[in-house]
Each structure stands twice: as structure tokens, then as C-alpha cells.
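quick one: sequence and predicted model below, then my questions.
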Amino acid sequence: MEEFKFTSTMDVKDKSGNLLGAVCVAPAKEIGKRDILLMDEKTGTQSVRSITELINMLSKKDVSYEERKHVLEFLSERLRYLEQEITLNTLKTLKDSKE
């Protein structure tokens, strides 16, 4: 049986194939929120307010269209997973409070 490996980061490369850094999506301190980070090898880590802002930043950093699409797919899957976790935890909390 193959074990599912979950990751909250993905590497991002520029058009030349050089490692730019990594994108990270993680739960924020505030319940129900998430943090999107761009950890750039040269300029350091930046928090972004939206997916659109991240994609625009990657475009300015010479990341290819295909690579940006890959980042969008990663973010979509990661955010879907976080939403499921929040829903499951909320339902568990409601169930426990009724007992």
C-alpha cells in the first residue's frame, strides 16, 4: 500500500530552471485563515495577501506560465485540504460539545 505524502511547500523555478525559492501554504494563527508565503532564495520570505498577488510576484520574478499554473494547482489542492481539516475539526468540536 502506497503511503500518501502530504507537503505544504513546493519549489518554484524561474524560466532558466534556476531555483527561485518555495511557496508555502499553512494555517494562520486566526482560525479559518491561511498564510501564503513566498520564500525567495535571494530576497527572503514574503507573506502575500492573495493568490493573485503571489502569481503577479512570480510573473515579475520571471517564472514561466506553466510553472505559475503548477503553483495554482498546488495552492488549490492545499487550500482544499485545509478547508476539509477545518470542517472536520468544527464538526468534531460540535459533536464533543453535545456529548
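Sure thing, it's come through.

Q46 touches D40, doesn't it?
Yes. Contact criterion Cβ atoms under 8 Å: Q46 and D40 qualify, at 6.9 Å. For glycine as for every other residue, the C-beta is placed from the backbone atoms N, C-alpha and C.

from the contact counts, what lies against the longest strand anywhere in the chain?
Longest strand of the chain, by residue count under DSSP state E: strand 19-27. Packing partners of strand 19-27 (3 or more Cβ pairs under 8 Å, 6 or more residues apart in numbering; DSSP states H and E): strand 9-13, strand 34-40, helix 65-98.

who does the residue minimising distance to the centre of the chain form a beta bridge with?
Here the mean C-alpha position of the chain is nearest to the C-alpha of V25 (Cα atoms, centre = their mean), at a distance of 2.8 Å. On the basis of DSSP bridges, V25 is bridged to I36.

what separates it from K92, distance-wise?
22 Å (Cβ to Cβ, to the nearest Å).

next: K29.
K29 is 20 Å from K92, where distance means Cβ to Cβ.

so which of these two has more stuff around it?
Comparing K29 with K92 by neighbour count (other Cβ atoms under 10 Å), the higher total belongs to K92, at 10 against 6.

please pull out the lowest mean pLDDT helix or strand from the protein.
Ranking every helix and strand in the chain by mean pLDDT, DSSP states H and E puts helix 65-98 at the bottom, with a mean of 84.

angle of that helix against strand 19-27?
20 degrees (axes from the mean of the first three to the mean of the last three Cα atoms, to 10 degrees).

for helix 65-98, name the packing helices and strands.
strand 9-13, strand 19-27, strand 34-40, helix 51-60.

I'd like to know which of these lies nearest to E85.
Each of the helices and strands packed on helix 65-98 has some distance to E85 by Cβ to Cβ; the shortest is strand 19-27, at 7.9 Å.
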